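J.: sequence first, predicted model second:
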Amino acid sequence: MTGGMRIAIDGPAAAGKSTIAKLVARKLGYTYIDTGAMYRAITYKVLQNAVDPHDEEAIAQLVGQAEIELQQGEQAQKVILDGRDVTEVIRSHEVTSQVSAIAALTSVRQLLMKKQQNLAKDSSVVMDGRDIGTSVLPDAELKIFMTASVEERAERRLLEEKQRGNTVDYETLKGEISARDKADSEREISPLKKAEDAIIIDTTGKTIEEVTNSIVEYAEKRLAR
Ligand code: CDP
Ligand code: CDP
C-alpha cells in the first residue's frame with residue numbers, strides 16, 4: 001500500500017462515524033466504505049422478500065444472491081441493491097429496528113466481511129462499522145473507536161429525523177439507540193468492541209470539523225513514519 005493506508009472507524013450508533021469517515025476520505029483522496037449500509041441493504045432485502053428473520057438458511061440464500069454496490073458521489077454515497085437505488089429506503093425505521101438481528105447471523109457476516117475485505121484489497125480506504133478494526137481489517141494502519149454520550153447521540157438523531165419531516169420523541173430514540181448498541185455489543189460473532197490498538201475519540205461536544213481534522217492529523221503522522 002504505497003503512499004496510502006487503511007483507516008478503520010468503529011463505534012456505537014450516531015457517534016459520527018459515517019459523517020466523519022466520508023470527510024476524512026475526501027480530504028485524503030481515499031475511498032469511503034459504509035459497511036452499515038451493506039447490513040442495512042441486506043436487511044431491506046430480507047424484509048422485501050418477507051423472509052422469516054429467524055430462517056437463517058433462507059436468509060443466507062438471499063444474501064448469496066444480493067448484489068450490493070456502493071457508488072461514490074460528489075457529496076453522498078449511493079447504495080445500489082440488485083441494480084436499484086436503495087440509499088434512502090435503507091434508513092427507514094423498519095430497517096433500523098431489524099438490522100441488528102440480521103447482522104448477528106453468521107452467514108450474513110461471513111459474506112459481507114468477504115465483500116468488505118475485497119473492497120479494501122487494492123486501495124486506500126476509510127471504512128466504518130462495528131467490527132472493522134477487530135475483524136474485517138485487523139491489520140489496518142489506523143484504527144479509531146468513536147464514541148459520544150448516548151444523550152448527545154439521541155439529540156443528533158432527533159435533529160436528523162426532524163429534518164426528514166418525521167416526528168419521533170427523544171426518549172424513544174434514546175431507548176432504540178441503547179437497545180441497538182446492546183445487541184451489537186453482546187452478539188457472539190464480531191461484536192462491537194474497541195480493538196486493542198484503536199485510538200478512542202469521544203465526539204461529545206466536538207464539531208464535525210474538529211473530529212475530522214484530528215483523524216486526518218493521525219493519518220498524516222502515520223504516513224510520515
Ligand atoms: O448509522 P447507524 O449508526 O445507525 O448504523 P449503521 O452504521 O448504518 O449500522 C446499522 C447496523 O448494522 C448496526 O446497528 C449493526 O447491527 C450492523 N453493523 C454491523 O453489525 N457491523 C458493521 N460493520 C456495520 C454495521
Ligand atoms: O455513522 P454514525 O451512526 O456513527 O453517525 P452519523 O450518522 O455520521 O452522525 C449522526 C449525526 O450526528 C449526523 O447528523 C451528524 O451530522 C451529527 N454529528 C454531529 O453533530 N457532531 C459530530 N461531531 C459528529 C456527527
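T.: Received, thanks. Ligands and ions are numbered 1, 2, ... in the order given.
J.: so who does Lys115 touch?
T.: Met38, Ile68 (C-beta atoms under 8 Å, 6 or more residues apart in numbering). Backbone N, C-alpha and C define where each C-beta goes, glycine included.
J.: SS state for it?
T.: helix (DSSP: H, G, I helix; E, B strand; the rest coil).
J.: quickly note the distance from it to Tyr39.
T.: Counting by C-beta to C-beta, to the nearest Å, the gap between Lys115 and Tyr39 amounts to 11 Å.
J.: strands of the protein, start to end?
T.: Here the chain has its strands, by DSSP state E, at 6-10, 31-34, 68-72, 77-81, 84-85, 125-129, 142-147, 199-202.
J.: quick one: is the longest one near ligand 2?
T.: By that I understand strand 142-147. No. Contact of strand 142-147 with ligand 2 is not found when judged by C-beta under 6 Å from any ligand atom; the minimum separation is 6.5 Å.
J.: what helices or strands is that strand leaning on?
T.: strand 6-10, strand 199-202, helix 208-224 (3 or more C-beta pairs under 8 Å, 6 or more residues apart in numbering; DSSP states H and E).
J.: can you tell me the closest non-neighbouring residue to Gly28?
T.: Slight slip there: residue 28 is Leu, not Gly. Ala219 (6.1 Å; C-beta to C-beta, 6 or more residues apart in numbering).
J.: what does Ala14 give?
T.: Ala14's closest residue in space is Arg153 (C-beta to C-beta, 6+ apart), at 3.8 Å.
J.: for Ala25, what are its contacts?
T.: Thr31, Tyr32, Val125, Val126.
J.: same question for Tyr39.
T.: So Tyr39 contacts Val99, Ile102, Ala103, Val108, Leu112 (C-beta under 8 Å, 6+ apart).
J.: which one (most neighbours) among the residues you listed?
T.: Ala103 (26 neighbours; other C-beta atoms under 10 Å).
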